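Engineer: Just to be clear, the model below is a prediction. Sequence and coordinates:
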Amino acid sequence: MNATAGAETTDHARCWPCNRQSRVTAFLLVAISLLNADAAFAYRPFDGTDAAVAEPGEMEIEFQPAGVLSSNGQRTLVAPATVLNFGLVKNWEAVFEGRLETPLSPSGPTAFTDGGAFLKGVLRPGVLQDQPGPSIATEFGALLPDSTGNSRFGATVAAIISQRWDWGTAHLNIAGALTRQQHPDLFTGIILEGPYKWTVRPVAEFFYEEEFGQARTFSALIGAIWQVKDNLSFDVGFRHAVVNGTGVNEVRAGLTVGFPLRLLSGPLHK
């Protein structure tokens with residue numbers, strides 16, 4: 001999940017190497033997965049996440065080819081932003097995440113930001129696992145240093161509760177972190193979705209984040225998810241935040257896809 005995730009003060013986002021070859025690799029992975037996919041349950045376009053994980057032997061990709069972030073006259077291209085989820089054993093997955101940011105106005109060098117490596121596990125199987133009651137999960141791990149600035153390793157731990165009703169689904173996220181600048185941080189957010197059976201469902205997310213002694217963020221996102229099939233969805237979202245009194249706007253658009261790691265889990269099945 002992207003807890004501690006105001007993009008302007010963020011310390012928890014998604015990890016990808018910083019060169020042209022890595023971008024080509026990302027597009028190839030997505031193309032292959034579209035041809036050879038199973039179910040995917042990762043969560044774009046949010047900063048938080050849901051209480052579900054990839055099945056053992058499966059991989060899920062959350063991929064944003066390009067997004068735009070603007071604040072205080074500065075526009076930044078976010079391209080790409082990527083999350084890789086690997087199903088390890090039942091109810092547990094590994095998560096690797098990060099993104100590249102390129103200042104546009106004024107222009108500047110591309111930087112790798114918001115990298116992280118985490119474990120996510122379902123503590124109580126519930127409605128997201130086709131069982132009664134809420135689903136409860138945790139996610140914890142290391143925040144990787146950014147490629148620029150005074151950045152060091154950090155750490156984060158989160159609790160996630162998901163519940164689904166006929167009218168929609170809600171996901172509560174609460175996370176604590178030691179940021180890359182070695183400051184304590186608290187993130188609290190909620191994701192709201194329209195009815196799960198709708199092919200296109202409206203979504204929203206609201207969160208509050210406090211990086212103690214440094215920054216205070218209030219954020220709201222509205223958007224939609226188009227569930228093409230169980231293994232493929234497209235998303236779009238517009239986010240407005242206020243950080244220490246300064247407005248921040250962000251446009252997000254991407255996709256989520258899942259497929260089995262057949263080379264790792266056994267021979268191909270015909």
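Structural biologist: Sure thing, it's come through.

Engineer: starting at the chain centroid, how far to the helix or strand hosting residue 79?
Structural biologist: Here residue 79, judged by DSSP states H and E, is contained in strand 74-89. Distance of strand 74-89 from its chain centroid, counting by C-alpha atoms, centre = their mean, to the nearest Å, is 7 Å.

Engineer: buried set for that strand?
Structural biologist: Of the residues in strand 74-89, 76, 78-87 count as buried by neighbour count, 16 or more other C-beta atoms under 10 Å. Just so you know, the C-beta spots here come from the backbone N, C-alpha and C atoms, and that holds for glycine as well.

Engineer: Make JSON lines from those and add pLDDT and distance to residue 261 to it.
Structural biologist: Converted to JSON lines, the buried residues of strand 74-89 look like this (pLDDT from 0 to 100; distance: C-beta to C-beta, whole Å):
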{"residue": "76", "pLDDT": "97", "distance to residue 261": "33"}
{"residue": "78", "pLDDT": "97", "distance to residue 261": "27"}
{"residue": "79", "pLDDT": "95", "distance to residue 261": "26"}
{"residue": "80", "pLDDT": "96", "distance to residue 261": "21"}
{"residue": "81", "pLDDT": "97", "distance to residue 261": "22"}
{"residue": "82", "pLDDT": "97", "distance to residue 261": "17"}
{"residue": "83", "pLDDT": "97", "distance to residue 261": "16"}
{"residue": "84", "pLDDT": "97", "distance to residue 261": "11"}
{"residue": "85", "pLDDT": "97", "distance to residue 261": "11"}
{"residue": "86", "pLDDT": "96", "distance to residue 261": "7"}
{"residue": "87", "pLDDT": "96", "distance to residue 261": "8"}
